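Student: Here's my sequence, what's the structure:
(one chain, ligands or ions: 1)
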Amino acid sequence: MTARILDGAAVARTIREEVAARVSELAVRGIRPRLDVVLVGDDPASQVYVRSKARACERAGIASETHRLPAETSQAELEALIDRLDADPEVDGILVQLPLPPGLDTHRVLDRIDPEKDVDGFHPENVGLLVQGRPRFVPCTPAGIMELLDREGIAIEGRHAVVVGRSDIVGKPMALLLLHRHATVTVCHSRTADLAAVTRRADILVAAAGRLALVGPDHVKPGAVVVDVGIHRLTERQDVERLFPGDAARRARFEEKGSVLTGDVDFVRVAEVASAITPVPGGVGPLTIAMLLANTVASAERRKGGA
Ligand code: NAD
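Tutor: Residues are numbered from 1 along each chain as shown. Got it, this is the predicted structure:
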C-alpha cells in the first residue's frame with residue numbers, strides 16, 4: 001500500500017486565504033488585527049519561527065510587531081513588557097516564543113498574558129476552557145491538525161486515536177481535541193512500555209515525540225492515518241540516504257542546502273503501510289502558522305469588531 005499524502009501546505013494556503021478575507025472585512029470597518037511576538041535570547045530555531053510568523057502576518061494583512069529582548073532579560077523586565085501589551089488596546093494577540101532562556105519562569109510569563117489575547121492558547125484559563133470542551137483559543141499545532149483531518153475527510157468519531165507525546169503544546173491538547181470529537185484516545189510518552197504494541201492499535205496516529213524517525217512501519221497498523229508533528233534537521237548525507245533511499249529530489253535539496261527536514265516518522269517505510277500520511281516539510285508546520293493567524297483574527301473580531 002502506498003499512502004495518500006495529506007497536503008498540509010495546501011490546506012494551510014486555503015486557511016490563510018479565509019483569514020485574509022476576514023481581515024478585509026475588518027478593514028472595511030477600519031479595524032486591523034495585530035499580533036505581538038516576544039522573542040527572548042538568540043536561539044536560531046526560534047529566530048526562524050518568529051521571522052516566518054511575522055512574514056505570514058504581513059501577507060495576511062495582520063499588523064505584527066516583534067519584541068526582541070536579550071537573553072539576560074530579567075523575569076521582571078519580561079513581565080513588564082507583557083503587562084504593557086496586555087494594556088495596549090491595539091494588541092489582539094500576544095505570543096511568547098518558547099523555549100525561554102534558562103532562568104526565566106515560563107509558567108509565570110504565560111500566566112501573565114491576558115487570556116483574551118492568548119492566541120497560543122497556553123494560559124491556564126484557556127487550557128481549562130479547552131478541557132471543558134468550550135474552547136476560546138486552541139493551541140495552533142493541534143488545532144491545525146484537526147483542520148487537516150476534517151478538510152481531508154478523515155473520520156474521527158469512534159476511531160482509535162493514539163497520540164505519541166504529552167507536551168502542553170502538542171500532545172495534551174491534541175488528545176483533548178480528538179476526545180471531544182468522540183475518538184477513543186490513548187496517549188503515549190517516554191515511559192510507555194512497548195510503544196509499537198500501543199501505536200499499532202491506532203486508526204489515527206499522531207507522532208509528537210521529538211524523536212527522529214521514532215515511528216517505523218512496525219508501529220503502524222495497515223491502513224492507519226499518520227500525522228507527523230516532529231521537526232528534525234538532517235545534516236549528514238548518510239542519514240538522508242538511510243531515511244530516503246532513492247529519493248533523488250530530497251538528495252538534491254540536501255546537496256544544495258546542506259540539510260533537509262524530516263519528522264518523527266520514518267516516512268518512506270511508513271507510507272508503504274499507512275493509508276494517509278503527512279510529509280515533513282509541508283505537513284503540520286504550515287498549518288501551525290495558519291492557525292496562529294486564524295486565532296489572531298478571531299481575537300480582533302471579538303475584541304474590536306463586536307463579534
Ligand atoms: P516535547 O519535548 O515538549 O514533548 C515530547 C513528548 O514526547 C514528551 O511528552 C515525551 O514524553 C514524549 N516522548 C519522548 N520520547 C519518546 C519516546 N521514545 N516514546 C514515546 N514518547 C516519547 O516536544 P513538543 O513541543 O511536544 O514537540 C514535539 C515535536 O514536534 C518536536 O520535534 C517539535 O520540534 C515538533 N513541533 C512541531 C510543530 C509544528 O508546527 N510542526 C509545533 C510544535 C512542535
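
Student: interface residues of this protein facing the ligand?
Tutor: Applying C-beta under 6 Å from any ligand atom, we find that the chain lies next to the ligand at 141, 164-167, 169-171, 188-190, 192, 195, 208-211, 214, 229-231, 284-285, 288. Any C-beta I mention is one placed from the backbone N, CA and C, and that applies to glycine too.

Student: Asn126 belongs to a helix?
Tutor: Yes - under DSSP: H, G, I helix; E, B strand; the rest coil, Asn126 falls within a helix.

Student: coming back round to it: sort out for me which of the residues of the chain next to the ligand are in helices.
Tutor: Thr141, Gly171, Leu195, Val284, Gly285, Thr288 (DSSP state H).

Student: what about Val37, which SS state?
Tutor: strand.

Student: beta partners of it?
Tutor: For Val37, the beta-bridge partners are Thr66, Leu95 (DSSP bridges).

Student: ok, now how distant is it from the ligand?
Tutor: 15 Å (C-beta to the nearest ligand atom, to the nearest Å).

Student: Let me see the contact set for that residue.
Tutor: The contact partners of Val37, by C-beta atoms under 8 Å, 6 or more residues apart in numbering, come to Val50, Lys53, Ala54, Ser64, Glu65, Thr66, His67, Leu95, Gln97.

Student: Please list the outside residues in contact with the helix or strand harbouring the third one.
Tutor: The one in question is Ala54. Assigned by DSSP states H and E, Ala54 falls within helix 44-60. For helix 44-60, the surrounding residues in contact (C-beta under 8 Å, 6+ apart) are 16, 19-20, 23, 35, 37, 39, 63-64, 66, 95, 97-99, 289-290, 292-293, 296-297.

Student: Show me the residues of the chain next to the ligand that map onto strands.
Tutor: If you go by DSSP state E, the residues of the chain next to the ligand have Val164, Cys188 in strands.

Student: all strands for the stretch 151-300 of the chain, in order.
Tutor: 160-164, 184-188, 204-207, 225-228, 232-234, 260-262, 276-277 (DSSP state E, counting those that start in this stretch).

Student: Output these as CSV; include the columns mean pLDDT.
Tutor: What follows is these, written out as CSV (pLDDT from 0 to 100):
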stretch, mean pLDDT
strand 160-164, 99
strand 184-188, 99
strand 204-207, 99
strand 225-228, 99
strand 232-234, 96
strand 260-262, 97
strand 276-277, 98
